[in-house]
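1. Build me a model from this:
(7 chains, ligands or ions: 2)
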Amino acid sequence: MTDALIIILSSLGAIFILLAAVGFLRMPDTYLRISVTTKAVTLGVGLILVSAAIYFDDLSVTSRVLAIILFIILTAPVGAHLIGRASYFLGVKMWDKSVMDELEGKYKKFSHKLDSGDDLRDDEEKEEKEKD
Amino acid sequence: MLIAILIGFVFALFLAFAGKFFKGKLSILISLIPLGLFIYFLQYIPNIASNQIVTESQQWIPSFGVNLDFRLDGLAMLFSLMITGIGTLVFAYTSSYLKGHVYLDRFYAYLLVFMASMLGLVLSDNIISLFIFWELTSISSFFLIGFNNTNPDSRRSAQTALAVTGIGGLLFLAGALILGSIAGTYQISEMIPLSEMIAGNAHYVLAVALIFGAAFTKSAQFPFHFWLPGAMKAPTPVSTYLHSATMVKAGIYLLFRLTPVLGGQEFWNTTLLIVGAVTMFYAAFHTLFRTDLKGILAYSTIAALGILTFLIGLGTHEALLAAGMFILVHALYKATLFLMTGAIDQGTKTRDVTVLSGLRKVMLPIAIAGILAAISNAGIPPSVGFLGKDLIYESTLNFNHSAIFLTGLAVATNVLIAYAGYVTGVKPFIGKLPTGMEHVDYPPLLIWLPPIILGVLGFVFGMFPSLVQESLIKPILTSVGRDPSQVHLKIWHGFTPILGLSVLTISLGLLVYFLWKPTKSKEDFIERFEKFSPKHILESLAVLFEKASDLWTRIFQNGYLRNYISVIIVFLVGLVSLTLLENTTYRIDYSSFSRLTIYEVVTLAIMIMSIGFAVFTKSRLAAVAATGVMGYSICLFFVFYSAPDLAMTQFTIDTLTVILFVLVLYKLPKYLKLSDYKTRVKDTVISIAFGGLITILALEVLAQPVNEEISNYYAENAYILAHGKNVVNVILVDFRGTDTMVEISVLAIAAIGVFGLLKLRLKSSERKQK
Amino acid sequence: MKTIILRTASNYLLPILLLFSIFILLRGHYLPGGGFVGGLIASIAFVLHAFANGLKDTKKLLKFHPGFLMPVGLSLAFLSGLLPVIFFDQAFMTGLWMQDPIPVIGSIGTALFFDVGVYIVVLGVTLTIIFTISESA
Amino acid sequence: MTVEEYLYYIILPILAVSVLLVFCRFVIGPKIADRVVALDLLITVGITIIAVYSIVYDQSTFLDIALILGLIAFLSTVAFSYYLEKRNKTKLEEEKRKQKP
Amino acid sequence: MKNRFLSNILLTFIWVAITGSFEFSNYVFGFILSFIILYVITQGRGNAKYFKIVPKLISFVLFFLYELLKANLQVAYDVVTPTFYMKPGIVRVPLDAETNLEITLLANLITLTPGTLSLDVSDDRKVLYVHAMYISDKEEFIQDIKQGFEKRLLEILR
Amino acid sequence: MEFLLAIMTGVLYAAGLYMMLRRSLVKLIIGLIMIGNGANLLIFLLGRITKGHPPIISESSDVFTEIYADPVPQALILTAIVISFGLQSFAIILVKRAYKVVKTDDLDEMNTTDEEI
Amino acid sequence: MMQQLLLYPLLWQLLMSIVLMFAWRHINVQRVMSITGSVIGLILSGMLFYKVLVYGTQTIQAGGWEAPFGITFVADTLSATLVLLTSIAGLAVSSFSSASIIPARLKFGYFAIFHFLLLGLIGAFLTGDIFNLYVWFEIIIISSFVLITLGGEKAQIEGAVKYFTLNFLASIIFLTAIAVLYGLAGSLNMADLAVLIPKIENRGLVEVTAILFLVGFGIKSAVFPLYFWLPASYHTPPSAVAAIFGGLLTKVGVYALIRVFTLLFVDDVFIDEVFIVIATLTLFSGAIGALVQKNMRKVFSYLIICHIGFMIAGLGMFTELAIAGAIFYLIHDIVVKTNLFMISGLIYRIKGSNNIKSLGGLYKEYPKLSLLMTIPFFSLIGIPPLSGFWPKISLIIASFNTQNYVVLGAVIFASLLTLIVMAKLWSEVFWKNPVDLPKRDHFLYFDKMTTTRKLQMLLPIVFLTGVSLYIGFGAESVQQLSTRIAGELMNKQQYIDAVMPKS
Ligand code: NA
Ligand code: NA
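-> Ligands and ions are numbered 1, 2, ... in the order given. Got it, this is the predicted structure:
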């Protein structure tokens, strides 16, 4: 019974990871790649770790596995957010079939302050002009 | 005797601290030291005359067989008396000659050191301690030649002299040590009975050649003679004392001293004959072209030294006797001539022999001394010089081979030496006093008395040779193991061919003196041949050598780190491949290897690719990231091969390294220039060779059996004795805890270093304060 | 970096990582872990916090300069090695152990104090290095 | 086929292939961000490999390594993002400095 | 006070969980340890309520897992098939969430769901910029987030 | 597998050396890291490798009951890794400092101490 | 407690370093502590030396784990001597540093690192474990990196990059050698290895390992063609630092070579030949390098290289006499080179330069000081009967006895060039008329220093000069010591027995 469970879970996990890997390789732009991977992998890792927990059937192992999963859920999206954001600063282009970009022009060039779009005045440029 | 030697050193040291009291009038008191020593040695005359040898022995460094063994025999007595006697006069002379000089105290200190070293040299029976004093004479000579140290010429001459005598000293050391090894003792007196055994040794020639090197440099033999004319930059007392009377004779002394040990062999005799002959004639010839009093004297000194070498080379009974006598003779008249020169120089401010004349009118005592010395120099009876010359001709005429040739050479040399004596000792005093020299100050007592004493002594000994015959001359022969019973010094031997030769020498000398006038243009003429002179050749060689040194140094220390690395690795790879090629049987034991699995292969592949990527990428950051991947793959290997602790540490440290890189990198510019294709190919070859070598080495080692004693011990005792189950950790904190203690210290130091490197900003005022 | 997301996450990760680092430290004698890794993880916790909140905040958190940890840790390690020399005339670094192991941590001995010393030094070192760089960045 | 064998012969190869695919992206790039994400992904897949390996060799100890990987893997992502942002700033500042005179 | 106490308890549990040793002494030890750590790191932090959230929490977790699986399959399909059906873009999503924790959790949950990626939050915390793979209708997309994740999340947290 | 690991070690040494021979200071340090890792791997490999049996005594016994990996090389490598970390961080900072005072990371331009004799 | 005496010099330095770290910014406290601590360290080393001299080789098994399982510390006569010399040089440099190192540097942990460096040196001399030796080497190089870069000036950094890289490379090669050795013999304890290595059948591999050690230690001891880091860097740090570097750093490499090649790899003709060739070329390269330098400290740097050749030659000839010569030279060189670099520092304080061209007139201005300086100068040249002279006797005889005439020639050549170089230096720096250097603003010239500071600079020079005079005039005892050391080294069994008593 546990064997079957382990096999199923680990197979699912492995497949998700493989798909994520393929997706990561195939996706046309950076944002899409980030987008595709963070979660597929999270799911895959989770499944495989759970199968490890089932295999060892030991409280300390189980708690450790849960801790790992928790950590990954906690950190993976933060990482994705950071690198996605940094890519945007660097001017990494989106896929040319993208339908919209509502973030365009919202970042201040130097301070990296992000505008909500409600107030369209560019403080930074104003400051610059005042200085000159 | 040890005390006698040490007195000089002790007083020199004393002067270094209390010198200011001896800069003025009190300086004459220092002459009491050599005078006291002179008297001290005189008291042994009876012993020496009765063939008693005075010895004294003091253990010093028995491990090396180096002892302070002193031995006062005839030869040593002759030199000791010369050193202290002439020393007394020179010391006294100095106190007037350098009166008021700011560094008079230093000068005396050097002189004392020299005198003491010279005494040590002639008194040592141990060849190593002899060498020690030998070196000390070179050093004190260096300081004395460079005494006028603000003058660049003085400094250069001092360095040249030191370099030449330094070479000699080192050759001497080697020769002495080899000789000691052959003989099994460093005691010269103990070597004498072994002389045949030594001569039969395969290294006899080597030892002798090295010792010749020492003697020839010290005694200014051709082609090493050139330092001596340069050394005339020293104040006159120094020229008198070191560079004519005593130090330059140290080489002769050494040859003399070793004659019973090493002499009598063809190599010994022939070399000395040739070198002596060349030197004496070359130098004597050169006196013709000099106009500086000191220059002429320097060359005639070299010629005299050549004669001495020549005589020792002859090696016969008569020749050795002649040499012994000539040492004394030469010291007496040459010292006189130098002291005289000093007086002239001080009075007239010139030493140019073409200008000087008629000085008898203003410095009569000096003139007397000069003329006495010139007579002795020319060998005119009844001076002691006549005796000396007599003995020389006797020894050449009685020599078995080519007596005529050798005698001819001796005559020619002596003629020129006689000329030199006339030119220096007579010419300045006769004739008309040039205008402007009428008011030359009359020399003070301490200036004219010493040369007079020496000059007169030359006649006293000449007229009463018995004064020195028993006490000095005979014992010299005894001390070199010859029978002195045949020696009868006297002025008149009857009409013999030798007398004829003497007369010939004297008159030919006079002839040359009258026919040949030294002029500047003649000096300039000989200067043209300067580029063929040993001095010039050696100097050019030295310059060439320095250029080559510079080149060699720059080739290796070229400033490019990558070249340094390449050289080191090529050296390593070269050595290792040499060994591997020769000694190893290649055996790879595949059967002991573990199975290949796909995850390992993939990890490996990724690792290699990431390395390749890191190497070839143009982006610095990508290289860092690739390095990270590489680290993580290693981490996986540690997991695969049962090293969880390693995996954890490697992983965290890799992450931290990436962070560090990232914090540093963003300020840097892009990768700049790439090296050219050729460099890259070269580097690739070196790298592959290096890596390949490591791989082969690893495979070879893996084929060797394993010793597991230690790891088994750890495994068995980790829990039972050290209370831990993670054996790696137990090793780290217990079995090998000291490693870890040091290691955390390393970390702490690195952190302090980083802190200092980034936080410490020197202000510009602090910048150069090393 | 001015991002709420990272800042918030780091505030929660900091205590978790610190706890974890001590866990790793204490179990090192029985299972993988120990002072090194423990110290490294602890420092990573603070580094993360510094990335998210800026160095000033992290320094405020620490209350003293991390460099101070280095001599403290070294002293601890040194003393635990010296203890047997001073009190028992045994060789430097000889392990001294309490008779009975206590729960969670296991046997208490000089080796444990030594490992704690290592932990503190590693923490101090890493933080000093990284803080210094960030400050002069 | 036992669970261990299944994991060994089926799952580990799949994971290995995935790692290779991710690594291809690392090499291709083209942007630094892609590489950073790839690095992150490699570590995460590494966690799964370690987990499977721990089952295959019945060594739960290895899960501790996975734990550490899970905890600090994203730190390098944070660092790289920090770098990219900072470098971008530096670059812009330099451009600004150049434009001004 | 309450907040700190709760964190403390939470950390104690985490300690016990990761050590895997459930003796009483370990709880005490963990408690002390967390106390020390909290002391070291304490700076002001927002308050939150800790009761009445358990049922909502469970349903939320289930909802999230469902979303996760669904979206994963959607992306997986797109990855496996040769042609892309994506319509990606960056959408500006206005926020109701206010506190740091709310915003962060929301953003992370969005990122964890395949096909969407929270890029950044505006400095005045009013807007979340989301990169999404499938934007057939922008408004619908925004509403999905606001009615789905955000609403449920805020119910739990407030 | 040992065969491949031996090659791997060689590759690390070779690549490390190659990087050290470049002109960029950063590459130099990456090279140092690589070669350092190579040395660690060499210790590991030559201490003989064992799969799946960490040198940790099982909870239930006082000594090892089955085979285990040699713990000594592991301890040595751990020490070496940590020491290298100290050196590496120092070196990385050196790059920073060097760039600040010498204004380049080109090693070819850092030879004044050798040039001025 | 006296049972543990062997480790006290070591533990004391560690304690000093830690306490000095606590006293971080209090530089006056640090000055006092460092000097007093160095005195105590010297006393402890002296006690150890005495004990070894009287009772023979001492050992301690750290952690109480008997050899070859734990880490063994061994003080045979060689180690005890070197520890003593380290403490002597350490005391001198400590005092010199407290006067000459500027407060800015002192505020950044100078003294702590300095004592860490001494710790590393003492540890390296005392350890009996090859990996532990590696660890001590690391502490030495990292502290020397820090000392060499402290202040981070351009020249310092450029020098440091080379110093760092090449020393790191040396460490890696050393580590590689350890890896191979462990793979072959399965042990790290040197006494144990001395027993195990001769039993290894594949001699080729043993020889390769030996070569790895040779190159690794060769880089550290700066022999040809591995010395490049030294001339590139030694003239860049403050003089006090250069003094301790010049005196001790390369010597620890030499020590390691001596230890390894008398204990582990003996009777290898090829290696001995390599040593001979290396020694000859080192003597040659170092000497001619010194000849062309224009900076006083660079001259000394090349002379360091040159004189390492003497020691390597002694090792290569591998007779008791030759090794005794090498050891004697080692003892002499540590004292004299330390002193010379301090002297160059003193001259720098007086004149504000170390460039030979811009120096001059010292003899006129500071006659007594000049007189003092002549002693180390002459000792270096080997003017008999000063310290540098005696070992040459052993070396020359040994090279004659083993028919290594090239070595004989090289020894003479190097001695001669040393003489010429030093004479040139003396003539330029002391004799030549003073060159008018522009007075530096804010530069603390020697004559402006307080008397205490002056004494702190002068006394160490006097102290070391005294020591070198003792080595020269008391050459008998030093030679007996060297012969005893050489005897111990030639008979490795006594080392093995001391570490692992046959039970
Ligand atoms: Na551990
Ligand atoms: Na360690």
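2. now check the helix or strand hosting B:F133, is it near chain G?
-> Using DSSP states H and E, B:F133 maps to helix B:127-145. Yes. For helix B:127-145, a contact with chain G is found by CB under 8 Å from any CB of the partner chain, at B:I128, B:F131, B:I132, B:E135, B:L136, B:I139, B:F142. In short, each C-beta sits where N, CA and C put it, glycine included.
3. from those, which single one is nearest G:F473?
-> Among these, B:I132 lies closest to G:F473 (CB to CB), at 11.4 Å.
4. residues contacting the closest residue to the closest one other than its chain neighbours?
-> Leaving aside its chain neighbours, B:I132 sits nearest to G:P384 (3.9 Å; criterion: CB to CB, 6 or more residues apart in numbering or on different chains). Counting by CB atoms under 8 Å, 6 or more residues apart in numbering or on different chains, G:P384 makes contact with B:F131, B:I132, B:E135, B:L136, G:W390.
5. Now the two most distant members of these.
-> The span of the contacts of G:P384, defined through CB to CB, is set by B:L136 and G:W390 at 15.2 Å.
6. So between the two, which is more surrounded?
-> G:W390 (28 against 23; other CB atoms under 10 Å in any protein chain shown).
7. I'd assumed G:F328 was in contact with that one.
-> Yes. Between G:W390 and G:F328 there is a contact under CB atoms under 8 Å: 5.9 Å.
8. Find the residues that touch each one of these two.
-> Residues touching both G:W390 and G:F328 (CB under 8 Å, 6+ apart): G:V478, G:Q479.
9. low-confidence ranges in the chain?
-> No chain specified, so I'll use chain A. A:109-112, A:117-132 (pLDDT under 70).
10. not what I meant, chain F
-> Counting by pLDDT under 70, chain F contains low-confidence ranges at F:114-117.
11. now the helices: where do they sit in chain F?
-> According to DSSP state H, chain F carries its helices in the segments F:2-20, F:25-46, F:71-102, F:112-115.
12. what does chain A give?
-> Secondary structure of chain A (DSSP H): helices at A:2-26, A:30-56, A:59-90, A:123-131.
13. Doesn't B:T55 belong to a helix?
-> No. Going by DSSP: H, G, I helix; E, B strand; the rest coil, the assignment for B:T55 is strand, not a helix.
14. Next, E:L117: secondary structure please.
-> strand.
15. neighbours around it, how many?
-> E:L117 is flanked by 30 other residues according to other CB under 10 Å.
16. Now for it: which residues touch it?
-> By CB under 8 Å, 6+ apart, E:L117 lies in contact with A:Y31, A:I34, A:S35, A:T38, A:A80, A:H81, A:G84, E:I110, E:T111, E:V130, E:H131, E:A132.
17. One more: F:L32?
-> Neighbouring residues of F:L32 by CB under 8 Å, 6+ apart: F:G16, F:M20, F:L87, F:Q88, F:A91, G:T165, G:F168.
18. and the residue nearest to the second one when sequence neighbours are not counted, what does it touch?
-> Once flanking residues are discounted, F:M20 sits nearest to F:G31: 3.7 Å by CB to CB, 6+ apart. Neighbouring residues of F:G31 by CB under 8 Å, 6+ apart: F:A15, F:G16, F:L17, F:Y18, F:M19, F:M20, F:L21, F:R22.
19. Please report how far the first one lies from ligand 2.
-> For F:A15, the distance to ligand 2 under the criterion CB to the ion, to the nearest Å works out to 26 Å.
20. If we check chain C, which of the contacts of E:L117 are in contact?
-> Subset of the contacts of E:L117 in contact with chain C: A:H81, counting by CB under 8 Å from any CB.
21. Nearest residue to whichever residue of chain C sits closest to ligand 1 in space, ignoring adjacent ones along the chain?
-> Closest residue of chain C to ligand 1, CB to the ion: C:G34 (3.0 Å). Counting by CB to CB, 6+ apart, C:G28 is the residue found nearest to C:G34 once chain neighbours are left out, at 2.9 Å.
22. G:I397 now?
-> With CB to CB, 6+ apart as the criterion, G:I397 has its nearest non-adjacent residue at 5.2 Å, and that residue is B:L177.
23. three-state assignment of the one you found?
-> Per three-state DSSP, B:L177 ends up helix.
24. Tell me how many other residues surround it.
-> Using other CB under 10 Å, B:L177 has 27 other residues around it.
25. what's near enough to touch it?
-> B:L177 neighbours (CB under 8 Å, 6+ apart): B:I128, G:I393, G:I396, G:I397, G:F400.
26. quick one, phi psi at E:V91?
-> phi -120, psi 140 (degrees, to the nearest 10).
27. got a pLDDT number for it?
-> Looking at E:V91, its pLDDT reads 89.
28. could you say which helix or strand contains the residue found closest to it once you drop the neighbours it is linked to in the chain?
-> Leaving out its chain neighbours, the residue that sits closest to E:V91 by CB to CB, 6+ apart is E:V130, at 5.1 Å. Following DSSP H and E, one finds E:V130 within strand E:127-132.
29. Direction-wise, compare that strand with helix A:59-90 and give the angle.
-> Going by axes from the mean of the first three to the mean of the last three CA atoms, to 10 degrees, strand E:127-132 is angled at 100 degrees with respect to helix A:59-90.
30. Other residues contacting strand E:127-132?
-> Contact with strand E:127-132 is made by A:31, A:35, A:84, A:102-103, A:106, A:114, A:116-118, E:88-95, E:103, E:106-107, E:110, E:115-122, E:141, E:145, as judged by CB under 8 Å, 6+ apart.
31. and the closest residue to chain E within chain C, how many neighbours?
-> Proximity of chain C to chain E (CB to the nearest CB) peaks at C:T8, 3.8 Å away. C:T8: 23 surrounding residues under other CB under 10 Å.
32. That one and E:L101: what is the separation?
-> Using CB to CB, to the nearest Å, we find C:T8 at a distance of 6 Å from E:L101.
33. E:V93 in helix, strand or coil?
-> Under three-state DSSP, the three-state class of E:V93 is strand.
34. residues contacting it?
-> Contacts of E:V93 by CB under 8 Å, 6+ apart are E:V127, E:L128, E:Y129, E:V130, E:I142, E:I145, E:K146.
35. Specify the beta-bridge partners of the second one.
-> Read it as E:L128. Listed by DSSP bridges, the beta-bridge partners for E:L128 are E:V93, E:V121.
36. Leaving out chain neighbours, which residue sits closest to the residue positioned nearest the centre of chain F?
-> Centroid check for chain F by CA atoms, centre = their mean gives F:G36 as the closest residue, at 1.9 Å. Nearest non-adjacent residue to F:G36, counting by CB to CB, 6+ apart: F:S84, 4.5 Å away.
37. Same check on C:W97?
-> Using CB to CB, 6+ apart, the nearest residue to C:W97 is C:G109, at 3.8 Å.
38. Repeat that for G:F473.
-> Using CB to CB, 6+ apart, the nearest residue to G:F473 is G:P385, at 6.3 Å.
39. Would you agree that neighbour falls within a strand?
-> No. Using three-state DSSP, the assignment for G:P385 is coil, not a strand.
40. what's around it, how many residues?
-> Neighbour count of G:P385, defined by other CB under 10 Å: 20.
41. so what's it up against?
-> Residues in contact with G:P385 (CB under 8 Å, 6+ apart) are B:I132, G:G472, G:F473, G:A475.
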